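Undergrad: Generate coordinates for the sequence data below:
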Amino acid sequence: MLEKNATPNWDNFVTKLEECDEKLSRAWSQINHLNAVINSPDLRSEYNNNVTKITKYYSELSQNEKLFLNFKKIKQSKEFKKLSSTRQKIINDELLSFKLGGIGLSENKKKIFKKIKVSLSKLSSKFEENILDATNNYYLNIIDKNDLSGLPDFLINDAKKRAVEKKKSGWIFTLDYPSYFPFMQYADNRKLRESLYHAYSTRASELGDKKFDNKKNINEILKLKHQLAKLLDYKNYSEVSLATKMASSSNEVINFLDKLAKKARPYAVKDMNDLKKHAHKFGIKRIEAWDVSYLSEKLKNEIFNFQDSEIKQFFPKKKVISGLFQLVHKLYGISIIKKKADTWHKDVEFYEIKDKVKKVIGHFYLDLFARENKRGGAWMDECISKYKFNDEISNPIAYLTCNFSSPSGNKDAYFTHDEVITLFHEFGHGLHHLLTDITDYSVSGIRGVEWDAVELPSQFMENFCWDWQVIKSMTEHEHTNKQMPKNLFDKLISAKNFQSGLQTLRQVEFALYDIKLHMKYSSNPNYYMNLLHKVRREISVVIPPKSNRFPNNFSHIFAGGYAAGYFSYKWAEVLSADVFSEFEKHNVLSPKMGAKFKNEILSRGGSRPMMKSFIAFLGRKPKIDSLLKHSGLS
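TA: Below is the predicted model of the structure:
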C-alpha cells in the first residue's frame, strides 16, 4: 500500500511507515534485551534465527526504490517547505539512510549488500556470545586463606557466596567486573593477580579456550565492513560511520585525539613515574600490567589516606537511588515512583515518572546486579519510544542495566563511588530517552541523535557525583548509619583526577585504534593486533604484555554501534564538561538551569542537529578548555 502511494505526504506515507517501524522495534527490543540479560541456549538460538530476518528486512527496506522515490517526492514537493524543521530533518535523515543502505546500487550489488549486512549481524552476535561464554567459562578457586591477603571483606564475602553456589570449598573469583577489578586493586598475591589478568585479557582469544576465539570474527567483520564501504563508493568504513556523526572527517577525529593525547601525555608520564617510585616498597622491580591497579590503589591510599572499600561502606543502594531521584526532581521537577510489574529477574525493579503536574510521562526497568548469563558492562536501551500516531500518544519506556555486586543475604547492596558514577551515567541516557517532548517517532528520545553526541547527557550526569550537595544525602554507613564525613568526601575530591593522565591516554588509545582500524583494510589476519601494538607504542606509557588480546573483547566496535565512533566518548566529554561549567557558574542544583538543559538538549531528541541544541543552550560552539580543567590536565 505504501509503495503504491502516488501522492505521498507526511500523514499518508511517513506516519504510516513510522507506525510499522514502531511495532517491529517494540517487539524486537524485548527479544534483544532478554538475550542480553538472561541468555540461555534456547533464547540464544531463537535470537540468532530471528536477527537474520530482522537484518534482512531492514536491508530490503533501505533498498526499496518505491519508498525512496516517495521520500524524494515529499522533499521536492511544496509541502516540504511547510513542514516543521523537525519533520524536514526526518525526511533528510531518511534520504541519507537510503543512500547508506545501498539504494543507488545495481540489483546485483544490492544482493551482495544485503548478504553482507546479514553476515555482519550474525558475526556481531557470535562475537558477543564468545565473550560471554569465555567469561562464564573461567573462575579462580582460592583454597588457602593466606592468598586472600589484602582483599576487602565485601569481596571475600562475595567470593565465599559464589563458592557455596558452585558447591566448591574456599573462595571463587570470576572475570565479571565486580569480582575482577577489585581483586586486581587489592590482592597482595602478585602471581594470582597475574593469573587473573591473563585470563581476563585473553578472553575470547586463541590464548584462552580456543572454541571462543574471536579472531576469525574480527577479520571477517573488518573485511565485510570494508566491502560495504566500497560498495557505497566510500574510501573506507570510517567514512561510512562519520556520515551520520558531528565529526566531518577521519582527520578531524585524529586531530582532536592527537591534541588531547599531547595535553595528557606529560601528566601520564608523571603518573607512571610516581608508580615506579612506589613499586619498590612492594618488591616490584618492573611494573607489569597486573601491578598497575594494585600499585595505584596503594599510592592513592598513601597520598589521600583512604581506600575505595572505605568509600563503598557509605553508598547503600536505597540511599543512592533515593538521592539520584531527588536530584532529578530538583533539576527537572519530575517524580519517580516504584511500581509493581512482571520482570525477567527477581532483582529487577520497575519505575514510573511523573512531571510537575503529576502526569505520567514514562517508565523504566532497573536491572543493577551482575549474574551468570548476563552480558557484562552497563547500558541503557529503548523498550518503547515516544510517539504520536493520529490521536494515540505512547510514553517512552527504558531499560537501565548495570553489573554491580549483588547484596549478601538480607543486607542492602553497597556501591563503590565508581559504580555510583556508572549508575548516574546510564540514568543520563535514560533521561535523554524518557524526557523527550518530541512525538515524531523517528527523532524522539535518543533516536536521530548523532552517535558522537549521544553520550552528552550521560556524561553530564556524572559531574553530580562529585558535588557534596548531591552526595551527602546519598550516604549512610553500613554499620553506624551515619552520613559520610565531609573530610572523607574531600579526600575523594582530592583524588578525583588521580592518574587522570593515564586514564585519558587509555581512552585516546582505544579511540585512535578504532578510527585507524576502520580507515585502512588489510587482509593480513594479524593486522588488527599489529595496529594496536603500533598505536600503543605511539600513545601509551603503560604497554601491556603481547599476550593481551584486548580487541577480542572490544565489543563496542565489533558487536555494538561504536565502529569508527569510539572517539564519541571523549568528544561528548568536551560537550558535557562545557555544559556543566555553565551550571557551575550559577548553581549546580539550579531548577532554572535544569529547565534550560531539559528544554534545549534533553527534550529535543534528534529533532535538530546536536550542535544547534548545544549552541541554543550555551550560546557558542564547544571548547576543550572545560574538559581539560575538569580532568586536571590544564
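Undergrad: Nearest residue to S568 in space, please, no chain neighbours.
TA: Computed as C-beta to C-beta, 6 or more residues apart in numbering, the closest residue to S568 that is not its neighbour in sequence is D452, at 3.9 Å. C-beta: built from backbone N, CA, C; applies to glycine.
Undergrad: Assign the one you found to one of the three secondary structure states.
TA: Following DSSP: H, G, I helix; E, B strand; the rest coil, D452 is assigned to coil.
Undergrad: OK, contacts around the residue lying closest to F558 once chain neighbours are set aside?
TA: Excluding its sequence neighbours, the residue lying closest to F558 (C-beta to C-beta, 6+ apart) is F127, at 5.0 Å. The contact partners of F127, by C-beta atoms under 8 Å, 6 or more residues apart in numbering, come to 204, 214, 217-218, 221, 555, 558-559.
Undergrad: For V14, see how far away F127 is.
TA: Counting by C-beta to C-beta, to the nearest Å, the gap between F127 and V14 amounts to 35 Å.
Undergrad: The residue nearest to S568: neighbour count?
TA: Residues lying near D452 (other C-beta atoms under 10 Å) number 25.
Undergrad: Tell me the spacing between it and S149.
TA: Look at D452 and S149: by C-beta to C-beta, they are 45 Å apart.
Undergrad: try F13
TA: The gap separating F13 from S149 is 69 Å, by C-beta to C-beta.
Undergrad: Please identify which of the two sits among more neighbours.
TA: Set side by side, F13 and S149 show more neighbours around F13, with 19 against 12, by other C-beta under 10 Å.
Undergrad: surely the more buried one meets S77?
TA: No - if you go by C-beta atoms under 8 Å, F13 and S77 don't touch, sitting 11.1 Å apart.
Undergrad: burial count for the closest residue to K215 other than its chain neighbours?
TA: Spatial nearest neighbour of K215, excluding adjacent residues (C-beta to C-beta, 6+ apart): E206 at 6.3 Å. By the measure other C-beta under 10 Å, the count of residues near E206 is 13.
Undergrad: try S634
TA: Neighbour count for S634, taken as other C-beta under 10 Å: 12.
Undergrad: Q503 versus that one, what's the distance?
TA: For S634, the distance to Q503 equals 16 Å [C-beta to C-beta].
Undergrad: And the helices in the stretch 351-500 of the chain, which stretches?
TA: 417-434, 456-462, 468-471, 486-494, 500-517 (DSSP state H, counting those that start in this stretch).
Undergrad: and S248, which of those is closest to it?
TA: Set against S248 and scored by C-beta to C-beta, those come closest in helix 500-517, at 13.3 Å.
Undergrad: returning to that earlier point: let me have the helices of the stretch 351-500 of the chain in TSV, adding distance to G619 as columns.
TA: Shown next, in TSV, are these (distance: least, C-beta to C-beta, whole Å):
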stretch	distance to G619
helix 417-434	21
helix 456-462	16
helix 468-471	26
helix 486-494	29
helix 500-517	27
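Undergrad: I'd like these as JSON lines, with mean pLDDT and mean neighbour count appended.
TA: Shown next, in JSON lines, are those (pLDDT from 0 to 100; neighbours: other C-beta atoms under 10 Å):
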{"stretch": "helix 417-434", "mean pLDDT": "98", "mean neighbour count": "24"}
{"stretch": "helix 456-462", "mean pLDDT": "97", "mean neighbour count": "25"}
{"stretch": "helix 468-471", "mean pLDDT": "96", "mean neighbour count": "17"}
{"stretch": "helix 486-494", "mean pLDDT": "95", "mean neighbour count": "15"}
{"stretch": "helix 500-517", "mean pLDDT": "97", "mean neighbour count": "23"}
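Undergrad: Quick one, which of those helices gets closest to S119.
TA: helix 500-517 (18.7 Å).
Undergrad: Report all helices and strands that the closest one contacts.
TA: With contacts taken as 3 or more C-beta pairs under 8 Å, 6 or more residues apart in numbering; DSSP states H and E, helix 500-517 sits against helix 250-279, helix 527-539, helix 555-558, helix 568-585.
Undergrad: mind putting these in JSON lines, mean pLDDT and distance to I601 included?
TA: Compiled in JSON lines, those are given as follows (pLDDT from 0 to 100; distance: least, C-beta to C-beta, whole Å):
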{"stretch": "helix 250-279", "mean pLDDT": "96", "distance to I601": "21"}
{"stretch": "helix 527-539", "mean pLDDT": "96", "distance to I601": "32"}
{"stretch": "helix 555-558", "mean pLDDT": "97", "distance to I601": "24"}
{"stretch": "helix 568-585", "mean pLDDT": "96", "distance to I601": "8"}
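Undergrad: Is it possible to get those out as a markdown table so that each row also shows distance to R193?
TA: Formatted as a markdown table, the helices and strands packed on helix 500-517 follow (distance: least, C-beta to C-beta, whole Å):
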| stretch | distance to R193 |
| --- | --- |
| helix 250-279 | 13 |
| helix 527-539 | 21 |
| helix 555-558 | 24 |
| helix 568-585 | 27 |
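Undergrad: For F68, find the nearest of the ones you listed.
TA: Short answer: helix 250-279, nearest of the helices and strands packed on helix 500-517 by C-beta to C-beta, at 27.8 Å.
Undergrad: Report the buried residues of stretch 23-30.
TA: The neighbour-count check on stretch 23-30 (16 or more other C-beta atoms under 10 Å) flags 25, 28-29 as buried.
Undergrad: ok, now stretch 555-567?
TA: Neighbour counts over stretch 555-567 (16+ other C-beta under 10 Å) mark 555-560, 562-567 as buried.
Undergrad: Same check on stretch 88-108?
TA: 89-91, 93-95, 97-98, 100-103, 105.
Undergrad: go on, stretch 127-134?
TA: 127-134.
Undergrad: export it as CSV, just CAs?
TA: Written as CSV, here are the backbone C-alpha positions of stretch 127-134 (Å, rounded to 0.1, in the frame of the first residue of the first chain):
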residue,chain,number,x,y,z
PHE,A,127,31.4,-12.1,18.9
GLU,A,128,29.3,-11.1,21.9
GLU,A,129,28.4,-14.7,22.7
ASN,A,130,32.1,-15.7,22.7
ILE,A,131,32.9,-13.0,25.3
LEU,A,132,30.0,-14.1,27.5
ASP,A,133,30.9,-17.8,27.2
ALA,A,134,34.6,-17.2,27.8
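Undergrad: start the count at 3, not 1, going forward
TA: Shifting the count to begin at 3 puts that one at stretch 129-136.
Undergrad: Centre of the chain to it, how far?
TA: Counting by C-alpha atoms, centre = their mean, to the nearest Å, stretch 129-136 is centred 18 Å from the centre of its parent chain.
Undergrad: Break down the stretch 53-202 of the chain into its strands, ranges please.
TA: Along the stretch 53-202 of the chain, counting by DSSP state E, counting those that start in this stretch, strands occupy 141-144, 173-176.
Undergrad: Mean neighbour count, those strands: which tops it?
TA: Using mean count of other C-beta atoms under 10 Å, the stretch among the strands of the stretch 53-202 of the chain with the largest mean neighbour count is strand 173-176, at a mean of 23.
Undergrad: Show me what it is packed against.
TA: Against strand 173-176 (3+ C-beta pairs under 8 Å, 6+ apart) you get strand 141-144, helix 155-167, helix 179-188.
Undergrad: Neighbouring strands of that strand in the sheet, and parallel or not?
TA: Next to strand 173-176 in the sheet, as set by DSSP bridges, lie strand 141-144 (antiparallel).
Undergrad: quick one: which of the helices of the stretch 353-502 of the chain is nearest Q309?
TA: Closest to Q309 of those, according to C-beta to C-beta: helix 488-496, at 10.3 Å.
Undergrad: Assess the claim that N532 and N526 are in contact.
TA: Yes - counting by C-beta under 8 Å, N532 does reach N526; the two are 7.3 Å apart.
Undergrad: Count the residues that sit near L629.
TA: L629 has 26 nearby residues by other C-beta under 10 Å.
Undergrad: contacting residues for it?
TA: Going by C-beta under 8 Å, 6+ apart, L629 touches 575-576, 579-580, 635.
Undergrad: okay, those residues in CSV with distance to K548 next?
TA: Shown next, in CSV, are the contacts of L629 (distance: C-beta to C-beta, whole Å):
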residue, distance to K548
E575, 31
V576, 33
A579, 36
D580, 39
L635, 30
